[in-house]
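S.K.: predicted model and sequence below, questions to follow.
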Amino acid sequence: MLKILFSPSEGKITGGEEREEKLFGAPHARDEILSTYRDIILSSNEESIKALFGFKKFSECTPYIVDIFNSPLMHAIERYDGVAYDYLQYKEQDTLTQAYLREHTLIFSNLYGPILGGDTIANYKVKQGNSIGDIAPDKFYKECFSYQLDLYLGEHDILDLRAGYYDKFYKANKPFTTLKFLKNGKTVSHWAKAYRGIVLREVAKNKIESLDEFMKLEIENLLVHEIKQTKNKTEIVYNIVE
């Protein structure tokens, strides 16, 4: 089976009607970091809350001041609202494609760490790179979850569509494939987010189950420029043609 590693988004969709389910990984593995987050949010310390969220005005914090242990839940793949997710267009997909995304996508949250697309999470806010109290999420999850991820991904093909920052959370110890996007010979940044969403969408719509199948997948406006191999990493470099 193919597993796709994916980034979260700063933006979130509020609400949710899903029931609480066990998150990816060992029970209680997240208790410390989630409890610390909740304590900060419910502390009424405006400066601490603004610093955690990365906001300048406390009024911007209001949608996120909730008890995450008693909040509406939504599938992670639906919760995020950013460029990649705009192009993924989850809600516009048929039920089988949505089910594929919930099962095959592994998202690296700045609060929850590695979660499946189908895991149910609360609305939250942690600015990328910020600590939660004294806990650095990247170090916390790398230490607590790397072994579990190695076991979980051991028999699967890995397509890593994460932004480079999330390598800090987990680095695969087996062969994996990443993508790079060029336009007019230059590496793109904003459009890389868009095309990660497009690639994930097309992989899901075509129910791709292996890297061999992925290599045969034709994606509109993307042409393979070159393929680089370094140790256990295969990098497919695409030209964006429009």
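M.R.: On my side now, so go ahead.

S.K.: quick one: residue 139 is in a helix?
M.R.: Yes. Per DSSP: H, G, I helix; E, B strand; the rest coil, residue 139 lies within a helix segment.

S.K.: can you give me the pLDDT of it?
M.R.: Residue-level confidence at residue 139 comes out at 97, pLDDT.

S.K.: which residues sit in contact with it?
M.R.: Taking C-beta atoms under 8 Å, 6 or more residues apart in numbering, we find residue 139 in contact with residue 168. C-beta: built from backbone N, CA, C; applies to glycine.

S.K.: that one and residue 170, how far apart?
M.R.: Distance, residue 139 to residue 170, by C-beta to C-beta, to the nearest Å: 12 Å.

S.K.: now do the helices in this protein.
M.R.: With DSSP state H as the criterion, the chain has helices at 31-41, 46-53, 76-79, 83-88, 95-104, 137-153, 190-205, 211-215.

S.K.: reformat these as TSV; add distance to residue 221.
M.R.: Shown next, in TSV, are those (distance: least, C-beta to C-beta, whole Å):
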stretch	distance to residue 221
helix 31-41	39
helix 46-53	35
helix 76-79	23
helix 83-88	12
helix 95-104	20
helix 137-153	30
helix 190-205	8
helix 211-215	17
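
S.K.: and residue 98, how many neighbours?
M.R.: If you count neighbours by other C-beta atoms under 10 Å, residue 98 ends up with 19.

S.K.: pLDDT wise, what is it at?
M.R.: At residue 98, the model reports a pLDDT of 97.

S.K.: now for the residue lying closest to it once chain neighbours are set aside: which residues touch it?
M.R.: With C-beta to C-beta, 6 or more residues apart in numbering as the criterion, residue 98 has its nearest non-adjacent residue at 6.4 Å, and that residue is residue 90. Residue 90 makes contacts with 77-78, 98, 101, as judged by C-beta under 8 Å, 6+ apart.

S.K.: how near is residue 90 to residue 19?
M.R.: 19 Å.
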